[in-house]
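Trainee: take a look and give me a structure for this.
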Amino acid sequence: MFIPKYTITNRILRGIGIIEAAREIIIHAPLVPAWEAKFRKEAIERTVHHGTHLEGNPLSSEEVRDVLEGQEVIARDRDIQEIINYRNVLKFIEGVYTQIGTSGNYSFTIETILEMHKLTTEKILPPENSGKFRIRQVVIKNTKTGQVSYTPPPAVEVPYLVEDLVNWINSDEAKQIHPIIKAGIIHYELARIHPFVDGNGRVARSVATLILFLDGYDIRKFFSFEEYFDENPMQYYLTLQAVSNQLVLDTHERDLTPWLEYFIEGVAIELNRVKEKVQRISVDARIKDKLGEQLMLNERQMMIMEYIHRHKGLSNKEFRKIFPDYSDDTVLRELKFLRQKGLVKKAGGTKKAVYVLK
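Mentor: Numbering: from 1, shown residues only. Model prediction:
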């Protein structure tokens, strides 16, 4: 049976601490429904864009957004289909999550993995390869140099290795592991086994996401750890391969610690980003309580409100701290809007003016 080997290091503990603190704030942040929906939509767009870009899809974030919204985009059919497919995988995850919930009493199946691969590769791979384990040996190599960087297990071993992993996912031992660590282990092991001829990375990340959701870590569906991986894809692949290429007699002797440190740090960075944005957006809920109505603020207006809320005021000379890329006139226009809405007032003279909450 698959038994992961790893050590809980200070780096892992620090990452888990950041994740738990951010998760608590995100879950309990008071958001009006319009912002909640917008945040989830953006998380889907980021997941699809970075999840496919990481695998070589050249479409920009704007083009991905257009594809998801049904608009025409001039690009290769395959590239567009990858976007559509990954969105369908996320819909599948949502459906499984809605059906099973977060009780923890789920029984994960090989069929679920195969269905996720089928959705990932629809109209990209031939039907005999889509949703089916590979039946031939594959290698991972540098496309420029031709150098082989990793050789996955033989095809004949794939069904048994995946079955071992699924049995572990459903085991009592796995249920006792922190969901983020568990998701990292699953991501690594599927990437190591490389059970398909194509689409392995997307399936590994999708399965890890689904398990996170089922273990109660959907975190309002606001996050996308693919963005962190896509920021430095070389580090992502090298970290995976460094663990997989460890010289050990038994594959169970591979030490997953370096990968888990990297994976957990990435989730911590992503959730910290989400936390900071949620804290700004939650200003909108406080405004609703104050005005008795929902008022949709733009990003700059929310940043102003959050800065004033934290620092008890905003002076003219502090504009540059929070808006280095905007002119004073732009900031003053946003402040004028907030004053007109009765949210901010101006105190002091023209040169020493300070804007405070009203």
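Trainee: I'd assumed Glu189 was in contact with Pro4.
Mentor: Yes. Using CB atoms under 8 Å, Pro4 is in contact with Glu189, at 7.4 Å. Placement of C-beta: from N, CA and C, glycine included.
Trainee: the two - which one has more neighbours?
Mentor: Shown here are Pro4 and Glu189; by other CB atoms under 10 Å, Glu189 has more neighbours (25 against 21).
Trainee: now the more buried one: how far from Ile100?
Mentor: 22 Å (CB to CB, to the nearest Å).
Trainee: what pLDDT is listed against Pro4?
Mentor: Reported pLDDT at Pro4 in the predicted model: 96.
Trainee: can you tell me the closest non-neighbouring residue to it?
Mentor: Ile185 (4.8 Å; CB to CB, 6 or more residues apart in numbering).
Trainee: what's the spacing between the one you found and Leu260?
Mentor: Distance from Ile185 to Leu260, by CB to CB: 7 Å.
Trainee: overlap of the contact sets of these two?
Mentor: Common contacts of Ile185 and Leu260 (CB atoms under 8 Å, 6 or more residues apart in numbering): Tyr6.
Trainee: the residue nearest to Pro4 contacts Thr257, correct?
Mentor: No. Here Ile185 does not reach Thr257: they are 11.0 Å apart, not a contact under CB under 8 Å.
Trainee: these two: which is more packed in?
Mentor: Taking other CB under 10 Å, Ile185 and Thr257 do not tie; Ile185 has more neighbours (25 against 16).
Trainee: pull out the CA atoms of whatever helix or strand the more buried one lives in and give them to me as CSV.
Mentor: Assigned by DSSP states H and E, Ile185 belongs to helix 179-193. Extracted in CSV, the C-alpha atoms of helix 179-193 (Å, rounded to 0.1, in the frame of the first residue of the first chain):
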residue,chain,number,x,y,z
PRO,A,179,-6.0,18.6,4.1
ILE,A,180,-3.3,20.8,2.6
ILE,A,181,-0.5,18.2,3.2
LYS,A,182,-2.8,15.5,1.9
ALA,A,183,-3.6,17.5,-1.3
GLY,A,184,0.2,18.1,-1.8
ILE,A,185,0.9,14.3,-1.5
ILE,A,186,-1.9,13.5,-3.9
HIS,A,187,-0.7,16.1,-6.4
TYR,A,188,2.9,14.7,-6.2
GLU,A,189,2.0,11.0,-6.5
LEU,A,190,-0.3,11.5,-9.5
ALA,A,191,2.4,13.5,-11.2
ARG,A,192,5.0,10.9,-10.4
ILE,A,193,2.9,8.0,-11.7
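Trainee: and that helix, what does it pack onto?
Mentor: helix 10-28, helix 158-169, helix 200-214, helix 233-244, helix 257-281 (3 or more CB pairs under 8 Å, 6 or more residues apart in numbering; DSSP states H and E).
Trainee: now it against helix 10-28, angle please.
Mentor: Here helix 179-193 runs at an angle of 120 degrees relative to helix 10-28 (axes from the mean of the first three to the mean of the last three CA atoms, to 10 degrees).
Trainee: can you report how many residues lie near Glu82?
Mentor: For Glu82, using other CB under 10 Å, the count is 28.
Trainee: pull the helix or strand with minimum mean pLDDT from the chain.
Mentor: Here the helix or strand of the chain ranked lowest by mean pLDDT, DSSP states H and E is helix 283-291, holding a mean of 58.
Trainee: and Met305, what pLDDT?
Mentor: pLDDT at Met305 comes out at 79.
Trainee: helix or strand for it, which one?
Mentor: Here Met305 is assigned to helix 299-311, by DSSP H and E.
Trainee: just the CA trace of stretch 202-211, in PDB.
Mentor: Written as PDB, here are the backbone C-alpha positions of stretch 202-211 (Å, rounded to 0.1, in the frame of the first residue of the first chain):
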ATOM      1  CA  ARG A 202      -4.000  19.300 -14.900                       C
ATOM      2  CA  VAL A 203      -5.500  16.100 -13.600                       C
ATOM      3  CA  ALA A 204      -3.100  16.000 -10.600                       C
ATOM      4  CA  ARG A 205      -4.000  19.600  -9.700                       C
ATOM      5  CA  SER A 206      -7.700  19.000 -10.200                       C
ATOM      6  CA  VAL A 207      -7.800  15.900  -8.100                       C
ATOM      7  CA  ALA A 208      -5.900  17.700  -5.300                       C
ATOM      8  CA  THR A 209      -8.400  20.600  -5.500                       C
ATOM      9  CA  LEU A 210     -11.400  18.200  -5.300                       C
ATOM     10  CA  ILE A 211      -9.900  16.400  -2.200                       C
END
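Trainee: pLDDT of that stretch, averaged?
Mentor: Mean predicted lDDT for stretch 202-211 stands at 97.
Trainee: what's the answer for stretch 128-140, then?
Mentor: The model assigns stretch 128-140 a mean pLDDT of 95.
Trainee: just the buried positions in it, please.
Mentor: Buried residues in stretch 128-140, defined by neighbour count with 16 or more other CB atoms under 10 Å: Asn129, Ser130, Gly131, Lys132, Phe133, Arg134, Ile140.
Trainee: please apply the same query to stretch 158-170.
Mentor: Result for stretch 158-170 [16+ other CB under 10 Å]: buried residues Val158, Leu161, Val162, Asp164, Leu165, Val166, Trp168, Ile169.
Trainee: reformat those residues as JSON lines; add distance to Met302 and pLDDT.
Mentor: Shown next, in JSON lines, are those (distance: CB to CB, whole Å; pLDDT from 0 to 100):
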{"residue": "Val158", "distance to Met302": "49", "pLDDT": "97"}
{"residue": "Leu161", "distance to Met302": "48", "pLDDT": "97"}
{"residue": "Val162", "distance to Met302": "45", "pLDDT": "98"}
{"residue": "Asp164", "distance to Met302": "48", "pLDDT": "97"}
{"residue": "Leu165", "distance to Met302": "43", "pLDDT": "97"}
{"residue": "Val166", "distance to Met302": "44", "pLDDT": "97"}
{"residue": "Trp168", "distance to Met302": "44", "pLDDT": "97"}
{"residue": "Ile169", "distance to Met302": "40", "pLDDT": "97"}
